[in-house]
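Peer 1: what would the 3D arrangement of this be:
(chains A and B)
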There are 2 protein chains.
Amino acid sequence: MDITSDTHSQHISRQFNQELEELKTHLMTMGGLVENQVLEAVRALLEGDSRLAEKVRDRDRQVNDMQLKIDDECTRVLARRQPAASDLRLVLAVIRATADLERIGDEASKIARNALSLIESGTTVRGLVEVRHISEHVRKMLRDALTAFARFDTELALQVVREDEAVDDEYGSAMRSLMTFMMEDNRAIGPVLSVMWILRALERVGDHADNLAEYVIYLVKGLDIRHMDPDQIDEDALKRRG
Amino acid sequence: MDITSDTHSQHISRQFNQELEELKTHLMTMGGLVENQVLEAVRALLEGDSRLAEKVRDRDRQVNDMQLKIDDECTRVLARRQPAASDLRLVLAVIRATADLERIGDEASKIARNALSLIESGTTVRGLVEVRHISEHVRKMLRDALTAFARFDTELALQVVREDEAVDDEYGSAMRSLMTFMMEDNRAIGPVLSVMWILRALERVGDHADNLAEYVIYLVKGLDIRHMDPDQIDEDALKRRG
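Peer 2: Residues are numbered from 1 along each chain as shown, chains lettered A, B, ... in the order given. Have a look, this model is predicted:
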């Protein structure tokens, strides 16, 4: 065996692993940023803090820049390293994940803009209990999905996927209460609509967290569970693939 | 030069080109399907055809299956062919594009579900003129984005990107009229909300068409224009890259 070339290829492979690790690290940084965007957008609404809402809205540009940067890194890794099997799946999962994180950023920025118009209108806002509750739920989903990604933890990922249905139910019931508020008080229509858009944005955050969790299962198991009914995902089948 | 190996590599490269062509063809088929989903969902609403609405809703599964199939093909091409430069960009653009087409499918299915509940409620629906108008606009955007993809036509793609702002304006003004309807007539709140969700879904279709157009520019020029202000994309700069 040619020792020099062996050392060389070890060197290459170490570098390659380092690049993959960096991709993951950058994805986690982006995830942390959008998680914080959602947190602060909702806090701005609940505390009537228009400065904070503006900050969130303006910070969306940072999220977008991060997506472009990470996508660019992924393309370089694909072109230079031509990864196969699980390495290839990791890079593809990162590309897909940045798209979802970017959209979560968009939703945070929508929440901030609606919060801003609510604060400026100076009206009493109804439905805030629901907003707080659902926002806590989807932020937990997002945090868990990111943790699952960082640790390649498919069990945690599967939990996130199952959680999404609960959020959808909560969202449906919150929307029905808000409709009742509208019917009771015509003057509340504008503000209640803004709260509805905010709830909608939060529900979308949950959907994107769900997508992230699905990529984790794809990258670890090579199994694409998108569009599967969560109840039909057989845990034993997942284990056999592990 | 070794003629045998040259013939062999020509053979490989012909096969590879054929695989890339097939990816594009499958993407176009998926594009045609979701375009039709949007058309029929809106038609079901305008004509009060609940059967058609159900058909659209149930056909969403086909769209999802297509996404998984094309993504799987893309992963295989990446693993086996290890494409570089513009070939790599094409495969990545197809992966991104299927995600957007799948979401357009979701929006069509949301439109169908809202149409269904409107038809079943039997109430007179307001705002249909706006729905028709915006739906025609975003369907044109989608069609143009797909044509731009098929022909690698960056000028047409840039037109689509610019069109998206016009749709956003139309959407904003339609939403304001709908809010007025709500305030005038309390009993209309439920149906008007459904029409609002439909408009929202159409506006999202426009956003996804805009994304598709951006991928065309990325794949042809290697320039990522996502998150750029359409007015700041310098056509001369694009031409210099061509």
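
Peer 1: please tell me how far residue A:183 sits from residue B:195.
Peer 2: As judged by CB to CB, to the nearest Å, residue A:183 and residue B:195 stand 17 Å apart. In this view, the C-beta of every residue, glycine as well, is placed from N, C-alpha and C.

Peer 1: so those two - more neighbours on which side?
Peer 2: residue B:195 (24 against 15; other CB atoms under 10 Å in any protein chain shown).

Peer 1: for residue A:152, which residues are in contact?
Peer 2: Residues in contact with residue A:152 (CB atoms under 8 Å, 6 or more residues apart in numbering or on different chains) are A:216, A:219-220.

Peer 1: residues from chain A in reach of chain B?
Peer 2: Contact residues, chain A versus chain B (CB under 8 Å from any CB of the partner chain): A:61, A:64-65, A:67-68, A:71-72, A:75, A:78-79, A:82, A:84-85, A:88-89, A:92, A:95-96, A:99, A:179, A:182-183, A:186, A:189-190, A:193, A:224, A:226-227.

Peer 1: got a ChimeraX select line for the buried ones in these?
Peer 2: Selecting only the buried entries of the residues of chain A next to chain B in ChimeraX, with 16 or more other CB atoms under 10 Å in any protein chain shown as the criterion:
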select /A:64,67,68,71,75,78,82,88,89,92,95,96,99,182,189,190,193,224,226
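
Peer 1: in helices only, show me the residues of chain A next to chain B.
Peer 2: A:61, A:64-65, A:67-68, A:71-72, A:75, A:78-79, A:85, A:88-89, A:92, A:95-96, A:99, A:179, A:182-183, A:189-190, A:193 (DSSP state H).

Peer 1: any stretches of chain A with poor pLDDT?
Peer 2: For chain A, applying pLDDT under 70 flags the ranges A:1-5, A:232, A:234-242.

Peer 1: just the helices in it please.
Peer 2: A:3-47, A:50-81, A:85-121, A:128-151, A:154-184, A:189-221, A:235-241.

Peer 1: between those, which one is closest to residue B:26.
Peer 2: Comparison of the helices of chain A against residue B:26 by CB to CB identifies helix A:85-121 as nearest, at 17.4 Å.

Peer 1: name the helices or strands packed onto the closest one?
Peer 2: helix A:3-47, helix A:50-81, helix A:128-151, helix A:189-221, helix B:50-81, helix B:85-121 (3 or more CB pairs under 8 Å, 6 or more residues apart in numbering or on different chains; DSSP states H and E).

Peer 1: so how far is the first one off the chain centroid?
Peer 2: Pointing back at helix A:3-47 there. Offset of helix A:3-47 from its chain centre (CA atoms, centre = their mean, to the nearest Å): 15 Å.

Peer 1: now do that helix against helix A:85-121, angle only.
Peer 2: Helix A:3-47 runs at 20 degrees relative to helix A:85-121, counting by axes from the mean of the first three to the mean of the last three CA atoms, to 10 degrees.

Peer 1: on contacts alone, who are the packing partners of helix A:3-47?
Peer 2: helix A:50-81, helix A:85-121, helix A:128-151, helix A:189-221.

Peer 1: tell me which other helices or strands the first one touches.
Peer 2: Going back to what we said before, that points to helix A:50-81. helix A:3-47, helix A:85-121, helix B:85-121.

Peer 1: want to try TSV for those, with distance to residue B:204 as columns?
Peer 2: TSV is the format used below for these (distance: least, CB to CB, whole Å):
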stretch	distance to residue B:204
helix A:3-47	19
helix A:85-121	11
helix B:85-121	5
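
Peer 1: related to what we said a few turns ago, which of the contacts of residue A:152 has the most neighbours?
Peer 2: residue A:216 (27 neighbours).

Peer 1: number of nearby residues for the residue lying closest to that residue once chain neighbours are set aside?
Peer 2: Of all residues not flanking residue A:216 in the chain, residue A:157 sits nearest, at 4.0 Å (CB to CB, 6 or more residues apart in numbering or on different chains). Each residue near residue A:157 was counted by other CB under 10 Å, and the total is 29.

Peer 1: pull the contacting residues for residue A:157.
Peer 2: Contacts for residue A:157 (CB under 8 Å, 6+ apart) come out as A:145, A:148-149, A:213-214, A:216-217.

Peer 1: nearest to residue B:24, of the helices and strands packed on helix A:85-121?
Peer 2: Nearest of the helices and strands packed on helix A:85-121 (CB to CB): helix B:85-121, 7.2 Å.

Peer 1: in the closest one, what counts as buried?
Peer 2: B:87-116, B:118-119.

Peer 1: for stretch A:127-139, same thing?
Peer 2: The neighbour-count check on stretch A:127-139 (16+ other CB under 10 Å) flags A:127, A:130-131, A:134-135, A:137-139 as buried.

Peer 1: quick one: that stretch to chain centroid distance?
Peer 2: The chain centre lies 16 Å from the centre of stretch A:127-139; the measure is CA atoms, centre = their mean.

Peer 1: one more: stretch A:130-148?
Peer 2: 9 Å.

Peer 1: ok, for residue A:117, nearest residue in space, not its chain neighbours?
Peer 2: residue A:194 (6.1 Å).

Peer 1: returning to what we had before: the residue nearest to residue A:216 and chain B, how far apart?
Peer 2: 18 Å (CB to the nearest CB, to the nearest Å).

Peer 1: swap in residue A:37?
Peer 2: Counting by CB to the nearest CB - residue A:37 and chain B are separated by 15 Å.

Peer 1: quick one: residues contacting that residue.
Peer 2: A:56, A:59-60, A:63, A:104-105, A:108-109.

Peer 1: try it again with 10 Å
Peer 2: A:55-57, A:59-60, A:62-63, A:101, A:104-109, A:111-112, A:205 (CB atoms under 10 Å, 6 or more residues apart in numbering or on different chains).

Peer 1: ok, back up a step: for the helices and strands packed on helix A:50-81, which one sits closest to residue A:231?
Peer 2: It's helix B:85-121; of the helices and strands packed on helix A:50-81, that one is closest to residue A:231 (CB to CB) at 20.0 Å.
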